[in-house]
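1. this one's structure only:
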């Protein structure tokens, strides 16, 4: 991906990220005040409460396997087979999956675009997806900016290899 194309990647709107979480990753949205997740919400790395726009529980094994790198792509036969075998749960049964689920908290300083996020669990590829959704890094400190650009490029490659970059670039949740 060319540098000029990278710079065109703007932070995604909260609505887009919400649809991506619910439709693509089959998450269960959870109210940020739900008593079932009070321990998760106590984490010191959670974004400030007033900026939180969404809390999600990723529980489907097939999706977690892609996001954790056990399955290479959402387009693979292995994923599609595992996805059809997944058991579905409803919001009222979220406690049943708390031990292995991944929690995601999406936040926005302006309630328009995603400005930061928190992932409770091991999902490096999800981190890459959300980093790309955060848009092209901005910064004035040359040393940290250079590091942020290198990380962003690495995340672009990871998301592209997963077969998901086009969805983000063209905002298809």
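-> That came in fine, so what should we check first? The structure displayed is predicted, hence computed values, not measured ones.
2. which residues sit against the lengthiest helix in the chain?
-> Among the segments of the chain that qualify as a helix by DSSP state H, the longest is helix 142-161. Applying CB atoms under 8 Å, 6 or more residues apart in numbering, the external contacts of helix 142-161 come out as 1, 6, 72-73, 124-125, 127-129, 131-132, 136-139, 165, 168. Bear in mind the C-beta positions are built from the backbone N, C-alpha and C, glycine included.
3. Which helix or strand in the protein has the lowest average pLDDT?
-> Ranked by mean pLDDT, DSSP states H and E, the weakest helix or strand in the chain is helix 3-7, scoring a mean of 59.
4. Let me see the mean pLDDT of the next helix or strand after that helix.
-> Per DSSP states H and E, helix 3-7 leads on to helix 14-19 as the next helix or strand towards the C-terminus. Mean pLDDT, helix 14-19: 96.
5. For the remainder of this discussion, apply numbering that starts at 47.
-> All set: I'll call the first residue 47, so the last point we hit is now helix 60-65.
6. Now do the buried residues in helix 60-65.
-> By neighbour count on 16 or more other CB atoms under 10 Å, the buried set for helix 60-65 is 60, 62, 63, 64.
7. And stretch 168-175, by the same measure?
-> 169, 171, 172, 173, 174, 175.
8. How about stretch 115-135?
-> Neighbour counts over stretch 115-135 (16+ other CB under 10 Å) mark 117, 120, 125, 128, 129, 135 as buried.
9. same check, this time on stretch 149-161
-> Residues of stretch 149-161 classed as buried by neighbour count (16+ other CB under 10 Å): 149, 150, 151, 152, 153, 154, 159, 160, 161.
10. Give the buried residues for the longest helix of the chain.
-> Buried residues in helix 188-207 (16+ other CB under 10 Å): 194, 198, 201, 202, 204, 205, 206.
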